[in-house]
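Enquirer: just a sequence and a predicted model for now, questions to come.
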Amino acid sequence: MSGDGCIAGGRAGLKNKRYNSLTKEGNMVEKKDSGFKNFKTFIIGLFLLILGITLVLYCWSEVVIFFKGIVGMIFALAGLLVLYTLNKK
């Protein structure tokens, strides 16, 4: 027993030693790939955010009509729910 990670008969310690046996170059490559992947995801997200805001501002009159329609549907469903609960009693 080495003392580091002595759980379940020392198996955890052996598992940690396998992960620690990677070379420094291998770890650096994984970190670079992860960083680039995060950066690429950030750029795509930023582009989609700007595109969405631009489209909402460009089509503002349609957006207002859409939200008025949504509010109307919500009121209609609320009215149906009230009538349904009155009918149940």
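Expert: Cool, the structure landed.

Enquirer: buried sites along the one helix or strand residue 73 maps to?
Expert: Element membership for residue 73, per DSSP states H and E: helix 60-88. By 16 or more other CB atoms under 10 Å, helix 60-88 has no buried positions at all. Where C-beta positions appear, they are placed from N, C-alpha and C, glycine not excepted.

Enquirer: that helix - contacts with which helices or strands?
Expert: For helix 60-88, not one helix or strand is in contact under the criterion 3 or more CB pairs under 8 Å, 6 or more residues apart in numbering; DSSP states H and E.

Enquirer: average pLDDT across that helix?
Expert: The average pLDDT within helix 60-88 is 94.

Enquirer: got the angle for the longest helix seen in the chain vs helix 60-88?
Expert: Secondary structure assigned by DSSP state H gives helix 24-58 as the longest helix of the chain. Helix 24-58 runs at 90 degrees relative to helix 60-88, counting by axes from the mean of the first three to the mean of the last three CA atoms, to 10 degrees.

Enquirer: quick one, domains of this protein?
Expert: 1-58, 59-89 (automatic domain parsing).

Enquirer: residues in contact with stretch 52-70?
Expert: Here stretch 52-70 makes contact (CB atoms under 8 Å, 6 or more residues apart in numbering) with no residue beyond itself.

Enquirer: quote the end-to-end distance of that stretch.
Expert: Taking CA to CA, to the nearest Å, stretch 52-70 runs 19 Å from one end to the other.

Enquirer: cool, thanks, talk later.
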